[in-house]
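Student: Based on what follows, work out the 3D shape:
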Amino acid sequence: MALSTTDQVMPMSEVVIPESWAVAPLGSVAKIGGGKRIPKGMTYSNRATSHVYLRVADLKKLTVDESDLKYIDEHVHEEISNYTISSDDVYISVAGSIGICGKVPLHLSGSNLTENADKIISYQSVFDQEFLIRCIDSPVIQAEIADVTRGAAQPKLSIENIKKLTLPIPPFGEQKRIVAKIESTQEKIKTIEHSVTKAEE
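Tutor: From the prediction side, this is the model:
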C-alpha cells in the first residue's frame, strides 16, 4: 500500500511495543539482495521458457500476478543467474510502485528478479515469513518507506534505506498468532463485503 503525503501515521519510535518484543533495523537481522536488469542488447523470449523474469508489474501485494509473466532464454539467464529469488525470500519493490512486498509461489522459486525490486533473505532465525511481509506492508513501515523516498525526481528505495527500516520483532509464536488473526479478520471482511454485494443486487 502506498501512502500519500497527507496521510498521518505514527512513526515506529512512537508506537507502544510490548516488553516481550524487540525492535531492530532490518539490516541487523536480515540480508538484502538486489535484482538485475536484462543485459543491454538482450530481451524477453517470445515463448515460455524455464526462466521467468519477474517485473514490478508482476509483484502484487503479498504475492505474484501470473497473468502476464515474461520469460528469458537460457543465454540471457546465464548472464544474470546470480539475481534470482526463492520462495523463502521476501521481495520489496524499490522503483515505480515502491514498497510492494510479498513472496513468490513455490513453482516460481528461482525466477530472475527485476532491478526494480530487492529481496530480503537470511531472516528466518528472527521472522516468520508471513509476519515479515505483513509488517513491511503495515501503514507504519510504509510511511517510513514513503519518508525516505519522497521528494526525489525519480524516487527509488535504496538497499541502505531498506536496511534502516525499523521493525518490531515479537516472539515467533506471537508472530504466527498475529498473522492468523489478520487472515481471519480479512476473511470476515470478504464475507461481509460479499453479503453487502448480494444485498445490493
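
Student: So the closest residue to residue 176 other than its chain neighbours versus residue 92, what's the distance?
Tutor: Nearest residue to residue 176 in three dimensions, chain neighbours excluded: residue 128, at 5.7 Å (C-beta to C-beta, 6 or more residues apart in numbering). Every residue, glycine included, has its C-beta placed from N, CA and C. Separation of residue 128 from residue 92 (C-beta to C-beta, to the nearest Å): 17 Å.

Student: Which one's more surrounded, these two?
Tutor: Higher neighbour count among residue 128 and residue 92: residue 92, with 24 against 19, using other C-beta atoms under 10 Å.

Student: ok, now which ones touch the residue lying closest to the more buried one once chain neighbours are set aside?
Tutor: Distances taken as C-beta to C-beta, 6+ apart place residue 101 nearest to residue 92, at 4.6 Å, with adjacent residues excluded. Listed by C-beta atoms under 8 Å, 6 or more residues apart in numbering, the contact set of residue 101 reads 61-62, 90-93, 133, 136-137.

Student: lowest average confidence, helix or strand, in this protein?
Tutor: When each helix and strand of the chain is scored by mean pLDDT, DSSP states H and E, helix 172-200 comes last, with a mean of 88.

Student: Tell me which other helices or strands that one touches.
Tutor: helix 129-136 (3 or more C-beta pairs under 8 Å, 6 or more residues apart in numbering; DSSP states H and E).

Student: ok, back up a step: taking helix 129-136 as reference, get the angle to the least confident helix or strand of the chain.
Tutor: Between helix 172-200 and helix 129-136, the angle comes out at 70 degrees (axes from the mean of the first three to the mean of the last three C-alpha atoms, to 10 degrees).

Student: centre of the chain versus helix 172-200, how much separation?
Tutor: How far helix 172-200 lies from its chain's middle: 20 Å, per C-alpha atoms, centre = their mean, to the nearest Å.

Student: Could you do stretch 133-140 as well?
Tutor: On C-alpha atoms, centre = their mean, the centre of stretch 133-140 falls 9 Å from the chain's centre.

Student: Dump that stretch to CSV, keeping only the CA atoms.
Tutor: The C-alpha trace of stretch 133-140 is given here as CSV (Å, rounded to 0.1, in the frame of the first residue of the first chain):
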residue,chain,number,x,y,z
ILE,A,133,5.6,-9.5,4.8
ARG,A,134,2.6,-8.1,6.9
CYS,A,135,4.9,-6.0,8.9
ILE,A,136,6.5,-4.3,5.9
ASP,A,137,3.1,-3.9,4.4
SER,A,138,1.8,-2.1,7.6
PRO,A,139,1.0,1.6,7.5
VAL,A,140,3.8,2.4,9.9
